[in-house]
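Trainee: no FASTA, just this:
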């Protein structure tokens with residue numbers, strides 16, 4: 001049985017409650033504010049509810065190229081875990097999110113793997129994992145900044 005190639009693992013603590021962190025990580029209205037590549041997610045049933053088995057097409061842009069990726073939520077345990085699987089000609093990419101409440105906020109672990117569709121993409125993933133990580137590094141830095149800032153802004157908005 002083929003083993004997935006580890007692309008990246010991120011661990012961070014975010015100064016915000018776990019429910020807010022999960023929402024920022026998993027809900028489209030938040031993701032598009034911190035993820036520069038996501039244009040939109042198009043759901044088969046036009047319902048963006050976060051449930052296991054939910055299928056959607058993720059529309060993303062990298063430089064001037066728009067790509068569409070068939071995706072599925074393979075695990076949801078709100079607000080503690082979520083897993084998304086995406087299928088491309090390169091193979092099956094899986095992104096797993098695990099959240100835990102901590103004294104200082106919320107601990108987040110993100111693990112990204114790829115089960116390459118061929119030996120060529122296996123070599124490509126191993127050889128260029130560093131470049132792929134650079135893209136994700138910036139996105140998760142923006143995720144942390146957005147999540148903490150939006151959590152701080154929420155109470156002020158509710159007071160008005």
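Mentor: Perfect, I can see it now. Not measured: the values here are computed from a predicted model.
Trainee: quick check on residue 125: phi, psi?
Mentor: Phi and psi for residue 125, reported as degrees, to the nearest 10, are phi -60, psi -40.
Trainee: need the helix or strand of the protein with the lowest average pLDDT.
Mentor: helix 119-159 (a mean of 78; mean pLDDT, DSSP states H and E).
Trainee: tell me which other helices or strands that helix touches.
Mentor: Helix 119-159 is packed against strand 5-14, helix 18-26, helix 28-34, strand 105-116, with contacts defined by 3 or more CB pairs under 8 Å, 6 or more residues apart in numbering; DSSP states H and E. Yep, even glycine has a C-beta here, placed from its N, CA and C like the rest.
Trainee: the last one packs against which elements?
Mentor: Applying 3+ CB pairs under 8 Å, 6+ apart, we find strand 105-116 packed against strand 5-14, helix 18-26, strand 91-102, helix 119-159.
Trainee: try 6 Å this time
Mentor: strand 5-14, strand 91-102, helix 119-159 (3 or more CB pairs under 6 Å, 6 or more residues apart in numbering; DSSP states H and E).
Trainee: still on that earlier bit, most packed of the helices and strands packed on helix 119-159?
Mentor: Mean neighbour count (mean count of other CB atoms under 10 Å) peaks for helix 18-26 among the helices and strands packed on helix 119-159, with a mean of 21.
Trainee: tell me the pLDDT of residue 160.
Mentor: Looking at residue 160, its pLDDT is 41.
Trainee: ditto for residue 96
Mentor: 97.
Trainee: I'd like to know the average pLDDT value across stretch 34-44.
Mentor: Stretch 34-44 carries an average pLDDT of 94.
Trainee: next, the buried residues of that stretch.
Mentor: The neighbour-count check on stretch 34-44 (16 or more other CB atoms under 10 Å) flags 34-35, 37-38, 41 as buried.
Trainee: which residues does that stretch contact?
Mentor: Stretch 34-44 has contacts (CB atoms under 6 Å, 6 or more residues apart in numbering) with 28, 31-32, 55-61, 139, 142-143, 146.
Trainee: who wins on neighbours among the residues you listed?
Mentor: residue 143 (24 neighbours; other CB atoms under 10 Å).
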